[in-house]
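A.B. asks: need a 3D model of the following:
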Amino acid sequence: MEETDNELPEYRGPSKSQLKREMTALQELGEELVGLSRERLAKIDMPERLRDAILDAQRITKHEARRRQMQYIGKIMRDVDAGPLREALDELKGLSAAANARQHHLENLRTRLMEDEAAFGDLAREFPAADIQHLRQLRRNALREAEQGRPPRAYRELFRELRELGGNAPPGDAEA
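C.D. replies: You can find the predicted model right below:
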């Protein structure tokens, strides 16, 4: 087919190499999903057919059977929007900007609570469901541990409680 000056070449879609790269990327995403625990996998929204294939792959131990199952997962993922799956994986790994912002917000909140008792008012407004009495007790314990030079068990427990509260808050609150 010869091109003239006013004719544009006909677009025939992505190249075979590009399609293969995309399929390999989907299969690698599937590998990451297979590597997750059942609890973490349950937190990710995905079609039931894909979830079943991933759970099957987790049970398969024979090399060739697992390879075929991974190819099957890749095939299923061609019909699934991989973007939300990638975002959910990144969030579980703590790689997303939103997860980092939430983490920093909670760390700053814990620091404010440790420095000033008045910060509990802000906490009560931000998280109405918070058990303020329990959090105050954790703060007192953390301060006592720091004075006595003991390991910061209550300090870590305070962060866990805040993280649990932050997980139940609307996403916009965590980035404030």
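A.B. asks: is residue 12 in a helix, a strand, or coil?
C.D. replies: Counting by DSSP: H, G, I helix; E, B strand; the rest coil, the backbone at residue 12 sits in coil.
A.B. asks: okay, now it: neighbour count?
C.D. replies: Burial of residue 12 is recorded as 6 neighbouring residues (other Cβ atoms under 10 Å). To be clear about C-beta, it is placed using only N, CA and C from the backbone, and glycine gets the same treatment.
A.B. asks: residue 70 too?
C.D. replies: One way to gauge burial is a neighbour count; for residue 70, by other Cβ under 10 Å, it gives 19.
A.B. asks: next one: residue 23
C.D. replies: Applying other Cβ under 10 Å, we find 15 residues neighbouring residue 23.
A.B. asks: might one say that it is in contact with residue 74?
C.D. replies: Yes: counting by Cβ atoms under 8 Å, residue 23 sits close enough to residue 74 to count as a contact (5.9 Å).
A.B. asks: domains for the protein, by residue range?
C.D. replies: The chain breaks down by automatic domain parsing into domains covering 16-93, 97-174.
A.B. asks: would a markdown table of the ones you listed with distance to residue 8 and mean pLDDT be doable?
C.D. replies: Formatted as a markdown table, the entries for the domains of the chain read as follows, by distance: least, Cβ to Cβ, whole Å; pLDDT from 0 to 100:
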| stretch | distance to residue 8 | mean pLDDT |
| --- | --- | --- |
| domain 16-93 | 20 | 88 |
| domain 97-174 | 40 | 83 |
